[in-house]
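J.: with the input below, show me the fold.
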Amino acid sequence: MNIPDELRDEHYCVLSTQGRVTGRRHSAELWFVPADGGVRLMSGSGGLTTWCLNLEAEEQGVLRIGERSWLARAAILHRDDPERAEALRAFHDKYDPPGKDRTEPWMRNATLVQLVLTRKLTAR
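T.: Alright, predicted model coming up:
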């Protein structure tokens, strides 16, 4: 399931995960790039963010872009994954201002997560 075309250029998404320690819901506003079957997210701190650690523990969350939400399953893109460089270029193209390129430090430090959308959630 892919995100609708009209949402691809949105700058932020909101990811809600279950806290790995507290069990409480945790939400984070994040950058995203569209990917086949869903989106990719980036933790620039090498995966030490709460949302990333929660996904490593639970491997699922709720993704919201605009007014639409989906249940999603997460997978980490490992450092040797050939799609990692392509994903980081997509983040550069979408988020780096002209004349700035953070791709190299992202290659060293960032953790990339693939979120596969598994079910559209209805608005309540």
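J.: confidence score at R124?
T.: With respect to pLDDT, R124 scores 57.
J.: check contacts around the residue most central in space within the chain.
T.: Central residue of the chain (CA atoms, centre = their mean): L41, 2.1 Å from the mean position. Going by CB atoms under 8 Å, 6 or more residues apart in numbering, L41 touches 13, 15, 30-32, 51, 112-113, 115. To be clear about C-beta, it is placed using only N, CA and C from the backbone, and glycine gets the same treatment.
J.: look at the closest residue in space to L121 that isn't next to it in sequence and tell me its secondary structure.
T.: Leaving aside its sequence neighbours, L121 sits nearest to S69 (CB to CB, 6 or more residues apart in numbering; 4.3 Å). Secondary structure, DSSP: H, G, I helix; E, B strand; the rest coil: S69 is strand.
J.: do F91 as well
T.: F91 - assigned by three-state DSSP - is helix.
J.: what residues does stretch 89-102 touch?
T.: Residues outside stretch 89-102 that contact it (CB under 8 Å, 6+ apart): 11, 31, 33, 40, 42, 103, 106.
J.: from D9, how far off is the nearest residue in space to the last one that is not next to it in sequence?
T.: So that's W106. Leaving out its chain neighbours, the residue that sits closest to W106 by CB to CB, 6+ apart is L88, at 5.0 Å. Per CB to CB, to the nearest Å, L88 is found 19 Å from D9.
J.: ends of stretch 42-55, how far apart?
T.: Terminal residues of stretch 42-55 are spaced 12 Å apart (CA to CA, to the nearest Å).
J.: who's in contact with it?
T.: 15, 17-20, 26, 28, 30-31, 41, 56, 61, 74, 76, 87-88, 91, 106, 109-113.
J.: in helices, which of the residues you listed appear?
T.: 56, 87-88, 91, 106, 109 (DSSP state H).
J.: who's in contact with the residue nearest to W106?
T.: 42, 103, 106-107, 110, 112.
J.: got any ranges where this structure has weak pLDDT?
T.: For the chain, the stretches with pLDDT under 70 are 123-124.
J.: switch the cut-off to 50
T.: Counting by pLDDT under 50, the chain contains no low-confidence range.
J.: where along it do the strands fall?
T.: Taking DSSP state E, the strands of the chain run over residues 13-18, 25-30, 33-35, 38-43, 60-65, 68-77, 111-121.
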